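**Student:** What follows is a predicted structure for the sequence shown.
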Amino acid sequence: MLDAGFTVFGRYSAAEQMDELVTALKRVITTDAAVESIHQVRVRSRRLRSRLSLFDDVWPSRTVRRGDRAVRRLTKVFGPLRDTDVKQDGLVNYLKHNGGCPELHQLTTELTRRRTVQGPEAVAAAEAFLKSDISKSFKSETSSELFVGVLTPYLFTRVYQSVSAQIQAVLSASCDGGLPTDGEALHVLRISVKQLRYSVEALVPAYPNQEWEGILEYLKQLQSLLGEVHDADVWLESLGDCCCTWQEGVCFRDFQEVRRAEAWEGCRELWSLGSATGFWDTLRCTISEAARLAALTDIPDSMGVRYLQALGSPDTTHVEQVSRLALLLFDGLQVQHGLGTVERALLQTAAALHDIGWLRGQRRHHKTGLTMIMASSVLPWDARERLLVGSIVRYHRRAEPQASHAHWRALSAHDQYVVAVGAGLLRAADALDRSHTSAVGDVLPSVGDSLVLRVTGTDGVLDEFAGCEAKGQLLASVLGFANLRCERG
């Protein structure tokens with residue numbers, strides 16, 4: 001069975017691009033194949049094919065094949081038309097500023113004639129695509145999903161494998177680490193860079209804490225310069241031995257050769273800059289395990305967590321209050337427990353899910369919560385992280401950790417410490433809202449022989465003290481204090 005997070009993310013990503021392609025095709029029809037609308041279809045179709053390739057196993061194979069064939073049919077029509085537009089625009093601008101010979105003006109006339117044929121063909125292709133059920137088959141399968149953006153370890157693993165392979169393809173297309181000069185080799189490099197850029201664009205939402213602007217801008221500039229070289233090569237090939245001159249007597253072929261040389265030099269400088277600054281290693285690190293752990297700090301508010309929370313937690317106001325108090329305690333005692341941002345995110349998530357066991361009733365809901373978390377396919381962790389969160393939820397009430405508990409024994413010594421601290425914090429926070437009235441406004445820990453929680457809020461806070469002092473002994477014990485006491489702040 002395919003990983004749920006990867007499936008949901010992949011389907012959403014591909015369907016989103018399919019929607020954009022449909023919008024672009026409609027614009028082709030309404031604008032009678034205007035130049036910009038043709039360009040947008042080319043871009044959207046390439047991005048869609050990239051996403052279908054990245055996430056080819058999240059759809060039924062028949063859906064992927066039909067979608068890919070349909071996009072290929074569009075490419076056969078829109079590709080030559082886009083090439084005509086690029087040539088026509090470049091030639092018209094050139095003649096406008098430089099004048100030209102009869103041969104060049106004849107070529108302009110031929111390009112105009114060619115477009116009058118290709119334009120209606122593009123409109124017809126757009127209409128045929130929109131009348132088919134291709135886009136509907138993608139949309140219908142995605143619209144039934146309850147959430148998007150679920151980040152799971154499998155998703156990050158697949159991302160790393162795919163992007164690493166594409167980085168390697170780019171580097172393999174280079175010439176011993178440098179920029180090739182041969183037109184065909186440069187064309188292969190351009191395609192590799194383009195595919196990598198589209199893949200990175202698709203995966204950006206999976207890494208909310210990463211800086212992508214510089215990475216994408218570099219790939220965009222590299223692709224653009226390689227495109228300039230390719231366009232000049234296409235012109236040079238189509239001109240053959242023709243030597244068209246204009247009023248200054250300069251050969252149009254020479255112009256394209258100069259254009260190619262300048263673009264290649266700019267590309268070489270950019271490539272060298274990327275190599276010198278470690279661009280490719282930086283990109284690999286951005287999608288590495290460390291980046292995945294950084295992304296986890298945003299997970300407590302992910303759709304997967306909110307989905308489970310809504311499924312089982314009966315009192316969202318209480319859950320929000322407990323989450324807030326647990327993080328206040330975590331931050332206030334950071335020096336004492338020494339844990340970091342990832343553990344804070346795991347605690348926040350455990351607080352958000354601590355009452356999901358109510359789905360099957362109040363009795364033993366802490367144990368039910370552990371079972372649900374371990375069995376869920378929508379939570380964004382590997383088995384270890386799932387066990388950490390589930391164990392914190394398990395120990396938020398009733399029994400403290402014991403060696404006789406199998407899930408506790410499965411934890412390493414360090415992870416047992418993380419769970420004990422997290423459960424202690426969650427027990428205290430939960431007890432401070434035992435009445436479900438959100439009476440506590442603020443809580444400030446102070447340390448001595450005892451752990452003292454100075455609590456502010458409404459008069460009802462006094463009613464929470466006894467329960468907190470009883471449930472808070474786990475926290476006091478794991479942090480090395482004799483006991484825990486609550487005082488009115």
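**Tutor:** Great, that's in hand. Numbers count the residues shown, from 1 in each chain.
**Student:** where exactly do the strands run in the stretch 301-450 of the chain?
**Tutor:** Using DSSP state E, counting those that start in this stretch, the strands of the stretch 301-450 of the chain run over 440-447.
**Student:** Name the spans of it whose pLDDT lies under the cut-off.
**Tutor:** Counting by pLDDT under 70, the stretch 301-450 of the chain shows low-confidence ranges at 301-314, 377-378, 380-381.
**Student:** could you redo the last one with a cut-off of 50?
**Tutor:** Under the criterion pLDDT under 50, the flagged ranges of the stretch 301-450 of the chain are 303.
**Student:** Next: the stretch 51-200 of the chain.
**Tutor:** Residues of the stretch 51-200 of the chain meeting the criterion pLDDT under 50: 140-149.
**Student:** just the helices in it please.
**Tutor:** For the stretch 51-200 of the chain, the helices defined by DSSP state H, counting those that start in this stretch cover 61-98, 102-131, 134-143, 153-173, 183-203.
**Student:** for the ones you listed, which one sits closest to residue 14?
**Tutor:** Of all these, helix 134-143 sits nearest to residue 14, with 6.4 Å by CB to CB. For every residue, glycine as well, the C-beta is placed using N, CA and C.
**Student:** How is this structure divided into domains?
**Tutor:** As given by automatic domain parsing, the domain ranges for the chain are 1-148, 151-295, 297-488.
**Student:** Contacts made by stretch 182-196 with the rest, please.
**Tutor:** Contact with stretch 182-196 is made by 46, 50, 163, 166-167, 169-170, 173-175, 179-180, 219, 222-223, 226-227, 229-230, 233, 264, as judged by CB atoms under 8 Å, 6 or more residues apart in numbering.
**Student:** one more time with 6 Å
**Tutor:** Stretch 182-196 is contacted from outside by 166, 169, 170, 173, 180, 222, 223, 226, 229, 230, 233, using CB atoms under 6 Å, 6 or more residues apart in numbering.
**Student:** Nearest residue to the first one in space, ignoring adjacent ones along the chain?
**Tutor:** Leaving aside its sequence neighbours, residue 166 sits nearest to residue 196 (CB to CB, 6 or more residues apart in numbering; 4.4 Å).
**Student:** looking at it, residue 432 is touching residue 326, isn't it?
**Tutor:** No. The criterion here is CB atoms under 6 Å, and residue 432 misses it with residue 326 at 9.4 Å.
**Student:** sorry, back to before: now the domains of the chain in JSON lines, with mean neighbour count?
**Tutor:** Output for these, formatted as JSON lines (neighbours: other CB atoms under 10 Å):
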{"stretch": "domain 1-148", "mean neighbour count": "17"}
{"stretch": "domain 151-295", "mean neighbour count": "17"}
{"stretch": "domain 297-488", "mean neighbour count": "19"}
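**Student:** my read: residue 198 touches residue 50, true?
**Tutor:** Yes. Between residue 198 and residue 50 a contact is recorded at 3.8 Å, counting by CB under 6 Å.
**Student:** wait, is residue 453 part of a helix?
**Tutor:** No. Residue 453: not assigned to a helix; according to DSSP: H, G, I helix; E, B strand; the rest coil it is strand.
**Student:** I'd say it and residue 442 touch.
**Tutor:** No. Assessed by CB under 6 Å, residue 453 is found out of contact with residue 442, at 10.3 Å.
**Student:** coming back round to it: for residue 472, find the nearest of the helices of the stretch 51-200 of the chain.
**Tutor:** Taking CB to CB, helix 153-173 is the member of the helices of the stretch 51-200 of the chain nearest to residue 472, at 33.4 Å.
**Student:** So which elements touch the closest one?
**Tutor:** Packing contacts for helix 153-173, counted by 3 or more CB pairs under 6 Å, 6 or more residues apart in numbering; DSSP states H and E, involve helix 4-30, helix 183-203.
**Student:** Dump the C-alpha coordinates for that helix into CSV.
**Tutor:** Listed next in CSV are the C-alpha coordinates belonging to helix 153-173 (Å, rounded to 0.1, in the frame of the first residue of the first chain):
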residue,chain,number,x,y,z
PRO,A,153,9.1,10.3,6.0
TYR,A,154,8.3,8.3,2.8
LEU,A,155,7.5,11.6,1.0
PHE,A,156,10.8,13.1,1.9
THR,A,157,12.7,9.9,1.0
ARG,A,158,11.1,9.9,-2.5
VAL,A,159,11.8,13.6,-2.9
TYR,A,160,15.4,13.2,-2.0
GLN,A,161,15.8,10.2,-4.3
SER,A,162,14.1,12.0,-7.3
VAL,A,163,15.9,15.3,-6.9
SER,A,164,19.3,13.8,-6.3
ALA,A,165,18.9,11.7,-9.5
GLN,A,166,18.0,14.9,-11.4
ILE,A,167,21.0,16.8,-9.9
GLN,A,168,23.2,13.9,-11.1
ALA,A,169,21.6,14.1,-14.5
VAL,A,170,22.5,17.8,-14.7
LEU,A,171,26.1,17.2,-13.6
SER,A,172,26.5,14.2,-16.0
ALA,A,173,25.4,16.4,-18.9
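**Student:** That helix versus helix 4-30: what angle between them?
**Tutor:** Angle between the axes of helix 153-173 and helix 4-30 is 60 degrees (criterion: axes from the mean of the first three to the mean of the last three CA atoms, to 10 degrees).
**Student:** orientation of helix 153-173 relative to helix 183-203 in degrees?
**Tutor:** Using the same axes, to 10 degrees: helix 153-173 against helix 183-203 is 160 degrees.
**Student:** For helix 153-173, what is the distance to the chain centroid?
**Tutor:** Its chain's average C-alpha position is 14 Å from that of helix 153-173, according to CA atoms, centre = their mean, to the nearest Å.
**Student:** what does that helix contact?
**Tutor:** Helix 153-173 has contacts (CB under 6 Å, 6+ apart) with 3, 5-6, 9, 54, 188-189, 192-193, 195-196, 199, 203, 280, 287, 292, 382.
**Student:** repeat for stretch 423-434
**Tutor:** Contacts made with stretch 423-434 from outside it, assessed by CB under 6 Å, 6+ apart, are listed as 318, 321-322, 325-326, 329-330, 351, 392, 395-396, 440, 464, 467-468, 471-472, 474-475, 478.
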